[in-house]
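Asker: generate coordinates for the sequence data below:
(chains A and B)
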Protein chains: 2
Amino acid sequence: AMAGWGWARAVRGLLLDVSGVLYDSGADGGVPIAGSAEAVRRIKASGLKLQLCTNETQATREDFVRKLRAMGFDISVAEVTAPAPAACRLLRERGLRPHLLVHDGLLPEFAEIDKTNPNCVVLGDAAENFTYANLNEAFRLLIGMEKPVLISLGKGRYYKETDGLKLDVGAYMKALEYACDVQAEVVGKPAKRFFESALAELGVPPEQAIMIGDDIVSDVGGAQQCGMRALQVRTGKYRPSDENHPEVKPDAYVNNLAEAVDIILQHL
Amino acid sequence: AMAGWGWARAVRGLLLDVSGVLYDSGADGGVPIAGSAEAVRRIKASGLKLQLCTNETQATREDFVRKLRAMGFDISVAEVTAPAPAACRLLRERGLRPHLLVHDGLLPEFAEIDKTNPNCVVLGDAAENFTYANLNEAFRLLIGMEKPVLISLGKGRYYKETDGLKLDVGAYMKALEYACDVQAEVVGKPAKRFFESALAELGVPPEQAIMIGDDIVSDVGGAQQCGMRALQVRTGKYRPSDENHPEVKPDAYVNNLAEAVDIILQHL
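Answerer: Have a look, this model is predicted:
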């Protein structure tokens, strides 16, 4: 595990995925992954910069940070890059008025956005709001638009909660893309623009940053596309078959965030 | 509308799509399309062979025929080619034990099939059964299989009911395909094997058969791939933009089934 880490000497900042790296999410709120809270403290004590880069769209950043802090993570709202604020910037730039198919917990992020007479659909990980009726409603709005605009907050395939794997927003995105014959615009990982805004908030250029995540495509592949190194942790949604992915190969595997931080700090 | 129909002289049999051609479906059961019941009678009186070729998967063929007869259509069970019986043949041939994500009304079609310890998922137009929980359950079974097998009863994008457009099974198929990184096997239109079994039941070779449907891809494109002529009716889910479809061009457009039958009978 220690060979081939010479590049770690150049590291000045870390982008961390959250669910599956800091904690395992679940209907019960989630369970911290052993050693991760301490690993965050060690990163900060080392002088490395830190930014969380998450596709979390079930809660506002404020609520999300409150949950992380309750689990023992020393994190502030400014240290979280998440899709909803990025989507709000995009909606404003382009004069788009969304119909929202998102989790109830995310709605406050869009409080200031004009949602009358929608001219696009914004899709998040709506979880229990992914009902047959709500999906038909979003579909009908899209198919009725002269040029349908579908904005998806991430395109994850699935994630792991404490009670099992759940379909993520990407699956529902694909359903609407197919039904409406449109291509969604992804705001969130693995979109390059999203990683670039996370790097901007981290304040470190890509060649001096490492992404650490449990998702081989969204975290590892997306970060590498931006010129960053990327590690996959063997926690969260990690599955052994990820190590044979036909297209994406992490710069290294680590058992968990704590091990990643151990190794990186040894190389500084 | 009358030019270019010379080929109709060779016609010996008609395959008819049902929803959107014979009637408009709806939660209320559906409404016959004007002239369609009379058109079915005229086809039979003319000596042309007739087979319904439907992707209907919300009811057994028996219940479906009962509904059609109540709307005034002179149709028997043997005159209906539908995905569920074809799927049952395939399951038996390959020793597959399905987990069913289908409409309650379709369950009796699978009564004789071993469903213990599933080694595949069969997806139909489950409508209200397309819940977040049921989709997660089907997903978890698939992702847990060494080699996931997903069988989809059709791959329609959407259909029209009296209260509006609804997402069809194809949208949910795409969601599961993406989440599990598998390709579904489609039983139903536009699969070539399905059209071939409908032609076998019609008893007419493809060059002597016409498909009449409202779906530019499933009905028209699928039939043409099998060497049949195909007409698109301007009823049901037909939309004017279908006439600019980049890949599929019907042999002719007709306003409805009655007009198609008028023209075909004039050319015999």
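
Asker: list the contacts of the nearest residue to residue A:50 once chain neighbours are set aside.
Answerer: Among residues not flanking residue A:50 along the chain, residue A:43 sits closest, at 5.1 Å (C-beta to C-beta, 6 or more residues apart in numbering or on different chains). For glycine as for every other residue, the C-beta is placed from the backbone atoms N, C-alpha and C. Contacts were defined as C-beta atoms under 8 Å, 6 or more residues apart in numbering or on different chains; by that measure residue A:43 touches A:14, A:50, A:261.

Asker: got the contact list for stretch A:24-41?
Answerer: Counting by C-beta under 8 Å, 6+ apart, stretch A:24-41 makes contact with A:16, A:19-23, A:50, A:67, A:71-75, A:159-163, A:235-236, A:256-258, A:260-261, all of which sit outside it.

Asker: hey, C-alpha coordinates of that stretch in PDB?
Answerer: Coordinates of each C-alpha in stretch A:24-41 appear next as PDB, following Å, rounded to 0.1, in the frame of the first residue of the first chain:
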ATOM      1  CA  ASP A  24     -22.500   5.600   6.300                       C
ATOM      2  CA  SER A  25     -25.900   7.300   5.700                       C
ATOM      3  CA  GLY A  26     -29.100   5.800   6.700                       C
ATOM      4  CA  ALA A  27     -32.800   6.500   7.600                       C
ATOM      5  CA  ASP A  28     -31.600   6.700  11.200                       C
ATOM      6  CA  GLY A  29     -29.300   9.600  10.200                       C
ATOM      7  CA  GLY A  30     -26.100   7.700   9.700                       C
ATOM      8  CA  VAL A  31     -23.100   6.200  11.500                       C
ATOM      9  CA  PRO A  32     -19.600   7.600  11.400                       C
ATOM     10  CA  ILE A  33     -16.900   5.400   9.800                       C
ATOM     11  CA  ALA A  34     -14.300   4.500  12.400                       C
ATOM     12  CA  GLY A  35     -11.400   6.900  12.500                       C
ATOM     13  CA  SER A  36     -12.900   9.400  10.000                       C
ATOM     14  CA  ALA A  37     -13.600  12.200  12.500                       C
ATOM     15  CA  GLU A  38     -10.100  11.900  13.900                       C
ATOM     16  CA  ALA A  39      -8.700  11.800  10.300                       C
ATOM     17  CA  VAL A  40     -10.500  15.200   9.600                       C
ATOM     18  CA  ARG A  41      -8.900  16.700  12.700                       C
END
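
Asker: list the buried residues of that stretch.
Answerer: Neighbour-count burial for stretch A:24-41, with 16 or more other C-beta atoms under 10 Å in any protein chain shown as criterion, is recorded at A:24, A:25, A:30, A:32, A:33, A:35, A:36, A:37, A:39, A:40.

Asker: now tabulate those in a markdown table and tack on pLDDT, distance to residue B:213 and secondary structure.
Answerer: Below are the buried residues of stretch A:24-41 laid out as a markdown table (pLDDT from 0 to 100; distance: C-beta to C-beta, whole Å; DSSP: H, G, I helix; E, B strand; the rest coil):
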| residue | pLDDT | distance to residue B:213 | secondary structure |
| --- | --- | --- | --- |
| A:24 | 90 | 48 | strand |
| A:25 | 82 | 45 | strand |
| A:30 | 85 | 49 | coil |
| A:32 | 96 | 56 | strand |
| A:33 | 96 | 53 | coil |
| A:35 | 97 | 60 | coil |
| A:36 | 98 | 56 | helix |
| A:37 | 98 | 60 | helix |
| A:39 | 98 | 59 | helix |
| A:40 | 98 | 59 | helix |
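
Asker: for residue B:95, state which of these is nearest.
Answerer: When these are compared for distance to residue B:95, the smallest value, 37.0 Å, is given by residue A:24; criterion: C-beta to C-beta.

Asker: and the closest one, bridged to which residues?
Answerer: Under the criterion DSSP bridges, residue A:24 forms beta bridges with residue A:31.

Asker: and the gap between it and chain B?
Answerer: In this view, residue A:24 and chain B are 16 Å apart by C-beta to the nearest C-beta, to the nearest Å.

Asker: likewise for residue A:168?
Answerer: Distance, residue A:168 to chain B, by C-beta to the nearest C-beta: 8 Å.

Asker: show me what contacts that residue?
Answerer: Residues in contact with residue A:168 (C-beta under 8 Å, 6+ apart) are A:125, A:154, A:156, A:157, A:158, A:159, B:179.

Asker: in strands, which of those appear?
Answerer: When DSSP state E is applied, the contacts of residue A:168 are split such that A:158, A:159 fall in strands.

Asker: any idea which of the contacts of residue A:168 is least confident?
Answerer: Checking pLDDT across the contacts of residue A:168, the minimum falls on residue A:159 at 84.

Asker: give me the number of residues near residue A:106?
Answerer: Burial of residue A:106, expressed as a neighbour count using other C-beta atoms under 10 Å in any protein chain shown, amounts to 27.

Asker: likewise residue A:93?
Answerer: 8.

Asker: picking that back up, tell me which of the buried residues of stretch A:24-41 is nearest to chain B?
Answerer: residue A:25 (14.2 Å; C-beta to the nearest C-beta).

Asker: tell me the spacing between the closest one and residue B:174.
Answerer: Between residue A:25 and residue B:174 the distance, using C-beta to C-beta, to the nearest Å, works out to 25 Å.

Asker: right, I'll leave it there.
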